[in-house]
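1. pasting the sequence and the predicted model now:
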Amino acid sequence: MVAATAAGLLMGQLPWVLFAALSAYVVRVLYKVYQIDQALFHGTRVASFATSGLWPELHAKVINIREKSRARKRRHLRLVRAVQESTSAISDAGVILNAAHEIVWFNRAARELLGLNPDTDIGTHIANLVRNPEFIEYLGGEQDQPLLVPSPVSESGMLEIQLIPYGRDQLLAIGRDVTHQVHLERTRRDFVANASHELRSPLTVISGYLDTLAYDDEVPSDWKAPLSEMLRQVRRMTQILRDLIELTRLESADEPASFDFVSPRENLERIASEYAARKPAPNLNLDLQSDAGILGTETEVYSIFYNLISNAVRFTPSGGRIDVVWDSTSDGGVFSVADTGIGIAEELIPRLTERFYRVDPGRSRASGGTGLGLAIVKHALQRHEGKLEIFSEEGKGSTFVCRFPANRVVERKVVSQSSV
Ligand code: ADP
């Protein structure tokens with residue numbers, strides 16, 4: 001009877017006992033989870049929660065993960081420090097820009113070369129700090145070539161800036177101090193220009209005397225051959241000086257070419273008729289597909305046309321053919337000279353516009369070349385924002401293409417009306 005009563009009582013209390021035991025267990029588990037959370041994400045020491053059941057294994061795993069994470073952090077820190085030290089040792093300015101061209105980071109050299117301030121300039125648009133119209137245009141345009149800009153911190157300084165896109169719309173701007181190189185280049189150019197001008201006058205005098213002597217009947221006949229050779233060499237020197245002066249003028253001009261109306265038709269017909277009068281006349285064909293004009297400097301455009309046609313004539317043996325084309329589209333104007341001459345090996349093409357570079361110096365000199373023609377063409381075209389393209393195959397012929405931008409090409413000459 002007593003036992004039955006006790007059992008009855010116990011049965012009545014059982015849910016409460018079970019509930020209390022379950023609650024204690026849940027609290028214990030929650031406390032362990034809290035400890036794991038603290039150990040994993042808040043760096044607190046791992047307490048000895050691992051005593052029985054699954055907990056020791058979990059404990060070991062937590063410690064392992066934490067050690068790995070700490071080692072990774074230490075590695076990253078070391079790497080960041082190494083990158084920071086190496087970039088601050090670099091003498092070139094390095095600036096990281098985001099997609100909106102705002103400054104994200106820069107190295108120590110950028111403080112000196114660009115005048116950037118780490119306290120105020122992070123997050124600032126780079127154009128607000130490097131206030132140069134060409135740089136701003138460069139920032140939004142094609143960035144395949146470096147840009148030369150005046151230094152924002154020194155009056156006579158010059159910087160070469162190269163933008164390198166990387167990652168997601170990010171840009172790395174590298175700035176190099178090229179003040180010394182620019183100064184040297186200017187000195188070289190001035191020297192060549194001065195020397196050429198100084199040599200011109202004595203050469204004119206020598207050439208005048210030689211001209212008179214070469215055609216003077218009183219000069220002994222055995223002097224004729226040396227005199228005419230001297231005259232030939234003096235004429236060559238005069239031509240080299242003329243080309244050197246022209247090239248230096250083109251290189252030194254700061255402003256782009258003027259915007260005068262130049263008629264390719266008139267200039268090309270003039271050159272073609274000059275060649276047609278030669279004996280033997282080359283097989284030169286003019287194909288004028290457009291009457292559009294070029295907005296530029298007439299002497300420079302003429303020089304581009306003349307140099308390319310004269311090269312085609314000089315490097316195309318008799319029996320060959322030369323096609324000269326002028327055409328215009330909405331993209332701009334295209335002038336090309338294609339010949340069936342000796343051609344140029346592919347690997348030499350990039351060198352052709354260097355001063356005095358010739359594939360065959362003997363052949364070039366013998367045909368009256370100075371080695372400066374293509375350098376003049378390249379610079380004259382650059383002053384018209386144009387581009388030179390060269391296609392050639394050795395033994396088969398060459399094509400030289402000059403592309404003028406749309407803003408330099410007009411459909412017809414606008415004749416200004418004058419009232420009487
Ligand atoms: P050059 O006075 O020697 O012609 P350029 O600067 O005009 O000087 O040309 C440089 C070199 O390029 C030439 O010496 C020649 O080797 C090569 N070249 C130029 N045009 C042609 C062409 N149409 N065909 C073959 N080679 C050419």
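-> Looks like it arrived, so ask away. Numbering: from 1, shown residues only.
2. could you use CA atoms for every contact and neighbour count after this?
-> OK.
3. what's the end-to-end length of stretch 403-412?
-> This stretch, stretch 403-412, spans 18 Å end to end (CA to CA, to the nearest Å).
4. please spell out which residues along it are buried.
-> In terms of neighbour count (16 or more other CA atoms under 10 Å), stretch 403-412 has its buried residues at R403, F404, P405, A406, R408, V409, V410.
5. got the contact list for that stretch?
-> 259, 291-296, 328, 330-335, 381, 384-388 (CA atoms under 8 Å, 6 or more residues apart in numbering).
6. and that stretch, how far from the chain's centre?
-> Here stretch 403-412 shows a centroid-to-chain-centroid distance of 23 Å under the convention CA atoms, centre = their mean, to the nearest Å.
7. can you check stretch 114-122 too?
-> When distances are taken as CA atoms, centre = their mean, stretch 114-122 is centred 27 Å away from the chain's centroid.
8. repeat for stretch 340-349
-> 25 Å.
9. also stretch 311-319?
-> The answer for stretch 311-319 is 34 Å, by CA atoms, centre = their mean.
10. what of stretch 183-199?
-> From the chain centre to the centre of stretch 183-199 is a distance of 26 Å (CA atoms, centre = their mean).
11. cool, and stretch 211-230?
-> Between the centre of stretch 211-230 and the centre of its host chain there is 53 Å, according to CA atoms, centre = their mean.
12. so which elements touch the longest helix belonging to the chain?
-> If you go by DSSP state H, the chain has its longest helix at helix 2-41. If you count contacts as 3 or more CA pairs under 8 Å, 6 or more residues apart in numbering; DSSP states H and E, helix 2-41 packs onto helix 55-89.
13. next secondary structure element downstream of the helix it packs on?
-> Following helix 55-89 in sequence order, the next helix or strand is strand 93-97 (DSSP states H and E).
14. CA-only coordinates of that next one, as CSV, when you get a sec.
-> Extracted C-alpha coordinates of strand 93-97, given in CSV (Å, rounded to 0.1, in the frame of the first residue of the first chain):
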residue,chain,number,x,y,z
ALA,A,93,55.2,57.0,-57.6
GLY,A,94,52.5,54.3,-57.3
VAL,A,95,48.8,55.2,-56.8
ILE,A,96,45.9,52.8,-56.8
LEU,A,97,42.6,54.2,-58.1
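15. who's in contact with it?
-> Outside strand 93-97, the residues touching it (CA under 8 Å, 6+ apart) are 87, 103-111, 113-114, 126, 170-176.
16. strands along this structure, start to end?
-> 93-97, 103-106, 147-150, 158-166, 170-177, 260-262, 284-288, 293-296, 322-329, 332-339, 387-393, 397-405, 409-410 (DSSP state E).
17. can you add distance to L348 and mean pLDDT and give those back as JSON lines?
-> As requested, these are exported to JSON lines (distance: least, CA to CA, whole Å; pLDDT from 0 to 100):
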{"stretch": "strand 93-97", "distance to L348": "35", "mean pLDDT": "93"}
{"stretch": "strand 103-106", "distance to L348": "40", "mean pLDDT": "92"}
{"stretch": "strand 147-150", "distance to L348": "26", "mean pLDDT": "92"}
{"stretch": "strand 158-166", "distance to L348": "27", "mean pLDDT": "92"}
{"stretch": "strand 170-177", "distance to L348": "30", "mean pLDDT": "92"}
{"stretch": "strand 260-262", "distance to L348": "33", "mean pLDDT": "96"}
{"stretch": "strand 284-288", "distance to L348": "26", "mean pLDDT": "96"}
{"stretch": "strand 293-296", "distance to L348": "30", "mean pLDDT": "97"}
{"stretch": "strand 322-329", "distance to L348": "22", "mean pLDDT": "96"}
{"stretch": "strand 332-339", "distance to L348": "18", "mean pLDDT": "98"}
{"stretch": "strand 387-393", "distance to L348": "10", "mean pLDDT": "96"}
{"stretch": "strand 397-405", "distance to L348": "13", "mean pLDDT": "97"}
{"stretch": "strand 409-410", "distance to L348": "31", "mean pLDDT": "96"}
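18. right, I'll leave it there.
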